[in-house]
Each structure stands twice: as structure tokens, then as C-alpha cells.
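Colleague: build the 3D model from these lines:
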Amino acid sequence: FSLNARGMNAWHYHGGGIDLFNEFLATQGLFGLPGGNTGVQMGGWFRKEINTVADLSGLKMRIGGFAGKVVQKLGVVPQQIAGGDIYPALEKGTIDAAEWVGPYDDEKLGFYKVAPYYYYPGWWEGGPTVHLMFNKAKYEELSPAYKSLLRTAAQAADANMLQKYDYLNPAAVKRLVAGGAKLRPFSQEIMAACFEKANEVYTEMEASNAPFKKIWESIKGFRKEHYLWAQVAEYNYDTFMMVQQRNGKL
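Modeller: Numbers count the residues shown, from 1 in each chain. Here you go, the predicted model:
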């Protein structure tokens with residue numbers, strides 16, 4: 001429930017996000033630059049339909065990180081499973097659900113054959129930035145020209161990754177549905193419950209992790225402004241065009 005990809009990039013490049021993150025990375029001897037983004041990911045593959053918060057209780061799901069901490073508060077049992085082991089675990093019923101990335105990447109792993117219900121959105125990865133990490137001491141040894149080249153190359157890779165996913169995901173999701181995947185949105189009840197629990201997790205982390213609190217407060221401050229503006233021109237334009245698509249006019 002953070003920023004989407006455009007919002008994250010706006011915060012990184014113009015809201016001081018890169019510098020804030022590097023304040024923390026410096027304590028680890030690292031220097032980082034955004035190097036990619038998938039855009040909002042899918043919510044994962046489920047062996048059965050999930051309609052209410054009660055349906056999450058006892059659900060064994062391959063999910064980690066912040067999302068694992070959040071859904072655990074709703075009764076989900078988070079599982080840490082490597083990518084290559086997810087399919088057999090779903091097939092055998094060892095786990096009930098798994099999240100991965102989105103249509104283009106998920107299609108390669110064939111999850112739709114053993115867990116057909118494909119939920120969205122992946123609210124834990126609304127704009128997941130991939131970072132390129134460098135040895136800070138070695139980075140500082142570079143000349144200003146090479147530092148500039150590195151930043152330019154990283155920003156190009158950052159933009160290209162999002163553009164690639166935006167181009168490849170539409171065809172992939174159509175193929176998945178044709179192959180038997182059943183697209184389902186998370187209910188508003190589930191989304192609201194997850195939002196509430198996510199805020200609980202963040203509050204707990206802010207109380208015990210000062211570097212996290214500093215970065216998260218900056219993101220939250222911009223998040224409010226980003227979604228204020230996003231619902232004006234962008235949202236209305238996109239919504240109108242989506243209606244035209246559904247009506248077969250595009």
C-alpha cells in the first residue's frame with residue numbers, strides 16, 4: 001500500500017528518495033540506484049476462491065517480506081519457498097496459494113494448471129523498485145563523469161524494465177485466461193483488512209527502526225499528494241478509455 005511505479009519514480013528522482021535510501025545504505029558500505037520496476041504485481045495463485053477475510057484463516061501461502069507480516073495478522077501462514085519449488089508444492093497441496101510477479105513471469109511457471117484462481121492486485125508490490133547495489137568506496141573512487149554515466153545507465157534500465165512489462169503483460173494475461181486461469185479481484189473487504197493490518201505493521205516498525213521511520217515518513221508524505229493528483233486527470237482519462245475498451249471501441 002505504498003506508491004505505484006510512477007509515484008515511486010517521482011519520489012526517487014524528484015522527492016529525495018534516492019538520497020534518503022542511500023543514507024541508510026551507507027551504513028552498510030553500499031550505494032544504490034533504482035534499476036527497474038515491474039509496475040503493480042498480481043496478488044497470486046490460489047487453489048480455491050478467496051471471498052472473505054475468514055477465507056484467509058489457516059491459508060498456507062508462499063509470500064514473504066512485509067506482505068508476510070501483514071497477512072499473518074489475518075490468519076495466513078506465510079511460507080518461504082524458492083521459485084522452482086512452488087509448482088510442486090501447489091500441485092501436492094503442501095501450500096494453498098503463492099504469489100510471484102505478474103502475467104509475463106507467472107506464465108512461465110505454469111501455476112494456472114494447479115491453482116487456477118489468479119487474484120489481483122498485489123497490494124504489497126504496487127510499485128516494487130529493483131535497486132542496483134554498488135560498493136560505496138569503489139563508487140566514490142569514480143570520476144564525476146563516470147558517476148554521471150552510471151546514474152544515466154541505471155535510470156535507463158529503470159525505465160526500460162517498466163516499459164517492457166507494460167508491453168508484455170497484456171498478451172500474457174490473455175494467454176493465461178485462454179489456458180484456464182480465472183481472474184479474480186480481491187474483495188474490498190479483504191483489501192480494507194489488509195490495509196489496516198499493513199498500517200499496524202508499519203507503526204510497529206516505525207517504533208523500533210529509526211532509519212525505516214525516516215524513509216517511510218517521506219514516502220507517506222508524498223503518497224498523499226500523489227494520489228490526490230492521480231485521481232484528477234490521469235484517473236478520469238484512464239477510466240474513460242477502459243470503458244471504451246470494454247465496449248469494443250478501441
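
Colleague: distance of the residue of the chain most remote from its centre relative to residue 150?
Modeller: Centroid-distance maximum for the chain: residue 143 at 34.6 Å, with C-alpha atoms, centre = their mean. Counting by C-beta to C-beta, to the nearest Å, the separation of residue 143 from residue 150 is 11 Å. For every residue, glycine as well, the C-beta is placed using N, CA and C.

Colleague: how about residue 177?
Modeller: From residue 177 across to residue 150, the span is 41 Å (C-beta to C-beta).

Colleague: what's the answer for residue 158, then?
Modeller: Separation of residue 158 from residue 150 (C-beta to C-beta): 12 Å.

Colleague: thinking residue 44 is in contact with residue 117, fair?
Modeller: No. Between residue 44 and residue 117 there is no contact under C-beta atoms under 8 Å: 9.0 Å.

Colleague: quick one: which of the two has more around it?
Modeller: Neighbour tally, residue 44 and residue 117, criterion other C-beta atoms under 10 Å: the higher count belongs to residue 44, 25 against 18.

Colleague: residue contacts, that one?
Modeller: 61-63, 97-100, 118-119, 122 (C-beta atoms under 8 Å, 6 or more residues apart in numbering).

Colleague: check residue 189 too.
Modeller: By C-beta under 8 Å, 6+ apart, the neighbours of residue 189 are 52-53.

Colleague: okay, and it sits in which element?
Modeller: Using DSSP states H and E, residue 189 sits within helix 188-208.

Colleague: buried residues, that helix. List them.
Modeller: In terms of neighbour count (16 or more other C-beta atoms under 10 Å), helix 188-208 has its buried residues at 190, 193-194, 197-198, 201-202.

Colleague: now for the longest helix along the chain, which elements pack on it?
Modeller: What stands out as the longest helix in the chain, according to DSSP state H, is helix 144-178. If you count contacts as 3 or more C-beta pairs under 8 Å, 6 or more residues apart in numbering; DSSP states H and E, helix 144-178 packs onto helix 5-14, strand 30-37, helix 103-109, strand 129-135.
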